[in-house]
Structure formats: C-alpha cells, structure tokens
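Asks: Let's see this in three dimensions:
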Amino acid sequence: MNGLISILYLGLVGLASALPSSLVARQDGPTTISCLSLRNSCNATTVDLNNFYNYASCFLLTTCLQGVENPAQVLTESQAPATQPRLTESVFYAMSNGNSYMTQQNYIDAYYYQISITPGGTYPDDVSYIIDQWLTIAAWTGFCATENIPYTNLADWLEYSSVPGVCPAVASCDATAAAATIPCVPQPITDNGSCAEMVAQCQFWVTGGLFQNEYCVLASFCYAWSNTDVLLQHEYPYYISPTPKTSQQATLSEAVFYNMTGGAASMTQQNAIDAYYAGLTGTWTWYGGPFGAESAQKSTNNGPYPTSVDYVIEFWAIISAWTGFCDTRTIPYSNLADYLSYAATSGYHPTC
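Replies: Sure thing, here's the model as predicted:
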C-alpha cells in the first residue's frame, strides 16, 4: 500500500471508528466519506442535540444517511432526543439563499458548503447520489414537477415522514418506480400498529379467500383508508404474480359474519369493536412452512391494540357511510358483503 493510499485508508478508519457501527455499516454509494464528514460536524461536542435541526450540518446528515427514508432513525443513532423542534426557518433560508423554497441546486450547494467548513471534510465524488436524496424528499412532499420545496413542506417531511401511517405524496419521482411500489396505507395515529398485526394474522388464511376468515375481514376493515386490492398486495409475496384482486374473491362468508355478530342479522359498531380486539388477543405464531401452507399456532401474545377505541369507530364510520348506514352504524349482511366486494373498485370514499 503506497503512502497516500495508506494515509487515506487510515483516515477513513479513524472516521469510522468514531461513529456508531450501525451508521458505518449502512453507508453506501459515492457520498460515503462526505456523509461521514457531516457526521463529524454534527456531533454532541459542537451542537445542541435538543435542537438538532438548528444546524445545517445535522439536517444534511439526516438526508445523506439512509435517514432520507426514516429521519427519526438518524436522531436515534445520533443520540438526539426523538422529539425535536421543527426545522428552523433561519437554517432553511440560509440554505435556500433567502428564497421561500429550496431548489435542488440550493441543496447541492449547501451540502458542499458544509463540507468545505468541516475540518478534514471530504467532498463527494459524484453529485448524482445527492440528487437522489433530494428527489426522495421531493416525492414525499409532492414537488416532483419543480423539485422546489417550500419551508413548511420540508419541515413536514422531517417531522412526519417517520410516523407510521403517514404516506408520501408519491412513492417516487420516477413514474415507473412509483407504479411498481406497493402503495402506502394511511392510518390514524390511534392505530398503534394494530392493523399491521391484523394483516400479519390474515396471511395465514388468505389463500382460502380474503372474506372467508375473520382475520382477513378485520384486516379489510382497517384498510378502509386504502382498499382491499392494496391489502392483497401486502398479503401475497412478490413471487406470486399476478397478485389476486378483490374482484376474484368469494363473497363474505355468512359463517364469519354471524360469528362476529353473535348470530344477529346486522353488524353493529360494537360488534366490530369487539371482533377487532378479540382478533388481536391470543395472536397466531408462525412455526414454519411455505406461503399458503404455513404451520401456525395460537399464542398467548396480545396486541398491539389501538391506543383508543376511536380507531375502530373511525374505520367503521367509513364502512357505514359507503353502505349508507351512517345513522345507525348497524350494517346488514348483504350491504357489508357488497362493501367488501366492491369498495376497492368503486372509487367511492365517503365518511359519516
């Protein structure tokens, strides 16, 4: 190893050894060393971690790491508190040259400037990776057309993009990539991961028909903010193509319906609440086997339950509105069966 290469290598090892191993292992692409340079600038000895976004270097660290897809993870790995004040306007306007929106070129310039004032900072070899970071944010905020992102929208990305159930405006500024991405499913904050668990429970039974078991019917309920065609994309693995559609599913099982209603001819809001919580009590555990022939067993694990019963009330309101029963929130079998079979393609998304 010649002298120059040896010096560069030892320098990189020194940078890496000062960082949490998770950050180093996740580095990829031509900005590896430049991103580590920003990490050296944004650290507890030079910044107030309680005001993480009061520093351009910390904002840029958030975007150059894989935190561009999960900003909250960068806070965790930087040992900064999870709850932070919003991105300050002063930092934003410093990076945007006083404009009310930040351009892609503003972002690139800010990235290079922060490295220029970092002792021992290293510039990226290729600007394309930096552009990809900006395009990810442009997609989430809905500014793919101009790539000019206003202050409020950029601050929203930092604050909300890591929150489960908060969906981007589009999955990608690349239309082909966006079309190939399984849609995000919006969820109220009261969900608390309960819907994802119900979807996991449904996977054990979905090949027998989406509306032929209680878990998949309940998963269909909590996808009221999306639709059951998207649910099927989440239930079936990528190697099964094409993914089955809702229109191919048999109508709601009467046995399942009457089990959920206790034999009554209509399902009430309370029936839906009781069934949803029961479905999350004593959940099933996978014990091996291929998709469609899994070995599953009831466990003593419970939840996660919604943080509030209002979560079930909200999705039941959507279903009640679609079926035309907002006044009573009590839905007969045939109307609920129609909702499950046709809501995915109806384009009708009312609420009470």
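Asks: Helices of the stretch 101-250 of the chain, start to end?
Replies: Using DSSP state H, counting those that start in this stretch, the helices of the stretch 101-250 of the chain run over residues 104-116, 128-141, 151-160, 175-179, 194-202, 214-222, 228-235.
Asks: Mind pulling up the pLDDT for Ala16?
Replies: Model confidence at Ala16, given as pLDDT, is 33.
Asks: Check Ile7 too.
Replies: What the model reports for Ile7 is a pLDDT of 29.
Asks: Run through this protein and note the low-pLDDT ranges.
Replies: Filtered on pLDDT under 70, the chain yields the residue ranges 1-32, 44-45, 66-68.
Asks: quick one, domains of it?
Replies: Taking automatic domain parsing as the domain assignment, the ranges for the chain are 3-179, 189-346.
Asks: mind putting these in JSON lines, distance to Cys352 included?
Replies: To be clear about C-beta, it is placed using only N, CA and C from the backbone, and glycine gets the same treatment. Shown next, in JSON lines, are the domains of the chain (distance: least, CB to CB, whole Å):
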{"stretch": "domain 3-179", "distance to Cys352": "21"}
{"stretch": "domain 189-346", "distance to Cys352": "4"}
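Asks: okay if I get the ones you listed as JSON lines plus mean neighbour count?
Replies: Formatted as JSON lines, these follow (neighbours: other CB atoms under 10 Å):
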{"stretch": "domain 3-179", "mean neighbour count": "17"}
{"stretch": "domain 189-346", "mean neighbour count": "17"}
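Asks: The helices of the stretch 101-250 of the chain: which one's closest to Leu65?
Replies: helix 128-141 (9.4 Å; CB to CB).
Asks: Put the alpha carbons of the closest one into PDB.
Replies: What follows is helix 128-141, C-alpha atoms only, in PDB (Å, rounded to 0.1, in the frame of the first residue of the first chain):
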ATOM      1  CA  SER A 128     -26.000  12.100  -8.500                       C
ATOM      2  CA  TYR A 129     -26.400  10.400  -5.100                       C
ATOM      3  CA  ILE A 130     -27.100  13.800  -3.600                       C
ATOM      4  CA  ILE A 131     -29.700  14.500  -6.300                       C
ATOM      5  CA  ASP A 132     -31.300  11.100  -5.400                       C
ATOM      6  CA  GLN A 133     -31.600  12.300  -1.800                       C
ATOM      7  CA  TRP A 134     -33.400  15.500  -2.900                       C
ATOM      8  CA  LEU A 135     -35.700  13.600  -5.200                       C
ATOM      9  CA  THR A 136     -36.800  11.300  -2.400                       C
ATOM     10  CA  ILE A 137     -37.800  14.400  -0.400                       C
ATOM     11  CA  ALA A 138     -39.500  15.900  -3.500                       C
ATOM     12  CA  ALA A 139     -41.600  12.800  -3.900                       C
ATOM     13  CA  TRP A 140     -42.700  12.700  -0.300                       C
ATOM     14  CA  THR A 141     -43.600  16.400  -0.300                       C
END
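Asks: Okay, angle between it and helix 104-116 too, please.
Replies: Going by axes from the mean of the first three to the mean of the last three CA atoms, to 10 degrees, helix 128-141 is angled at 130 degrees with respect to helix 104-116.
Asks: starting at the chain centroid, how far to helix 128-141?
Replies: 17 Å (CA atoms, centre = their mean, to the nearest Å).
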